[in-house]
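Participant: output the structure for:
(one chain, ligands or ions: 2)
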Amino acid sequence: MQRITILRPDDWHLHVRDGDVLNDIVPETSKVFHRAVIMPNLVPPVTSLEAAASYRERILAAVPSQHQFQPLMTLYLTQNTSLDLIRAAAKAPHIIGFKLYPAGATTNSAAGVTNVANMAEVFETMSECGVPLLVHGEVTEADVDIFDREKVFIDRYLRHLVEQHSRLKVVLEHITTAEAAQFVMAAREGVAATITPQHLLMNRNDLLVGGVRPHNFCLPVLKRRTHQEALQQAAVSGSSRFFLGTDSAPHSQSNKENACGCAGCYSAPAAIELYAEFFSRMNSLDKLENFASRFGAEFYGLPVNDSKITLVNESWQVPKTVQVAGQTFVPYWAGQELQWRLQI
Ligand code: NCD
Ligand code: ZN
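Facilitator: Ligands and ions are numbered 1, 2, ... in the order given. Predicted coordinates for the structure are as follows:
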């Protein structure tokens with residue numbers, strides 16, 4: 001196959017940061033995706049409708065005039081999120097859901113939820129109002145090994161949450177384990193998961209063998225190969241419960257190549273090409289369109305896009321570095337080849 005044309009995709013999990021960085025980062029996504037779910041983990045986090053509305057305006061102002069792009073905003077759930085805010089968010093046209101970060105789980109999550117088990121009223125109100133819950137599914141208890149944190153989160157909190165609030169739409173974000181894939185596959189209706197390119201294309205050997213590779217470090221951390229294989233099978237299964245969410249999470253080179261390097265892979269410069277690489281390696285390019293352009297929209301009850309994009313079978317190299325707001329950033333897959341190129 002020399003070229004493939006698919007419906008324009010959407011990114012159901014994206015970090016675009018703020019300020020000057022945002023201006024350089026948004027076009028990398030808007031050049032190919034029509035919509036993206038914008039993560040609220042700014043400093044301070046996006047916890048009010050007003051903050052989300054002004055953040056949305058700043059994102060829209062960064063979209064080049066030739067691109068059509070719609071940011072779908074999330075609100076950052078805290079232990080103090082009020083039921084009134086949930087009811088108001090349900091009526092706000094540009095809010096797609098609430099993001100649950102267990103406090104301390106990842107970058108800028110310090111203000112997150114400290115006690116998931118105490119939030120039943122909040123989740124029930126979201127369920128009643130039809131507001132989806134987007135979950136960073138990792139426990140933060142210090143005694144739980146970092147490689148087990150997703151599985152323990154599912155067993156300790158998520159299974160119960162999903163059953164207790166039987167109409168709540170739940171997205172388990174950036175899944176990394178066989179247990180997560182199985183949980184989502186077997187869960188009741190209204191439960192889905194996003195999968196990142198790095199968790200499809202890599203496992204923890206790519207993080208640690210031959211030296212620490214900070215640009216492959218993200219959270220939840222890459223797991224062993226058997227987990228990677230389970231995610232790969234979920235993505236090519238054709239199940240509508242699994243869809244594209246890059247979790248593109250830019251940090252400057254100096255913040256990544258650091259004694260305490262930040263978590264996050266900046267995949268936006270090659271996002272759809274990375275997924276095409278994966279589906280192509282799996283001989284499943286015919287599954288790319290549903291995964292990238294249909295299942296997410298259907299889950300959220302939004303229309304599928306009507307425009308299209310074309311990828312050509314032409315190898316190219318992801319740049320070794322890119323300049324963002326006058327700083328050097330190293331994109332995910334930097335310096336490596338990809339077999340599919342976006343036709344602009
Ligand atoms: C994200 C970031 O940098 O904001 N980092 C990451 O490793 N994925 C936060 C997140 O989604 O966990
Ligand atoms: Zn993220």
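
Participant: what does the stretch 151-300 of the chain have sitting close to ligand 1?
Facilitator: Remark: the part of the stretch 151-300 of the chain in contact with ligand 1 comprises Cys218, Leu219, Asp247, Ala249, Ala263, Gly264, using CB under 6 Å from any ligand atom. In this view, the C-beta of every residue, glycine as well, is placed from N, C-alpha and C.

Participant: quick check: the farthest pair among those?
Facilitator: Asp247 and Ala263 (10.1 Å; CB to CB).

Participant: and these two? Which one has more around it.
Facilitator: Of the pair Asp247 and Ala263, Asp247 is the one with more neighbours under other CB atoms under 10 Å, namely 26 against 16.

Participant: just checking, that one touches Ile175?
Facilitator: No: at 10.6 Å, Asp247 does not count as touching Ile175 under the criterion of CB atoms under 8 Å.

Participant: tell me the pLDDT at the nearest residue to Thr114 once chain neighbours are set aside?
Facilitator: Distances taken as CB to CB, 6 or more residues apart in numbering put Ala103 closest to Thr114, at 4.7 Å, once the chain neighbours are dropped. Looking at Ala103, its pLDDT is 94.

Participant: separation between Ala103 and Leu77?
Facilitator: Ala103 is 11 Å from Leu77, where distance means CB to CB, to the nearest Å.

Participant: spit out the residues that contact those two alike.
Facilitator: Gly112, Val113 (CB atoms under 8 Å, 6 or more residues apart in numbering).

Participant: please say which of the two ends up with more neighbours.
Facilitator: Between Ala103 and Leu77, Leu77 has the larger neighbour count (other CB under 10 Å), namely 28 against 15.

Participant: tell me how many other residues crowd Lys287.
Facilitator: Around Lys287 there are 15 residues (other CB under 10 Å).

Participant: ok, it touching Ala235?
Facilitator: Yes: with contacts counted by CB under 8 Å, Lys287 reaches Ala235, the gap being 7.4 Å.

Participant: from ligand 1, how far out is the residue nearest to Thr114?
Facilitator: 13 Å (CB to the nearest ligand atom, to the nearest Å).

Participant: what does Gly296 give?
Facilitator: Using CB to the nearest ligand atom, Gly296 is found at 17 Å from ligand 1.
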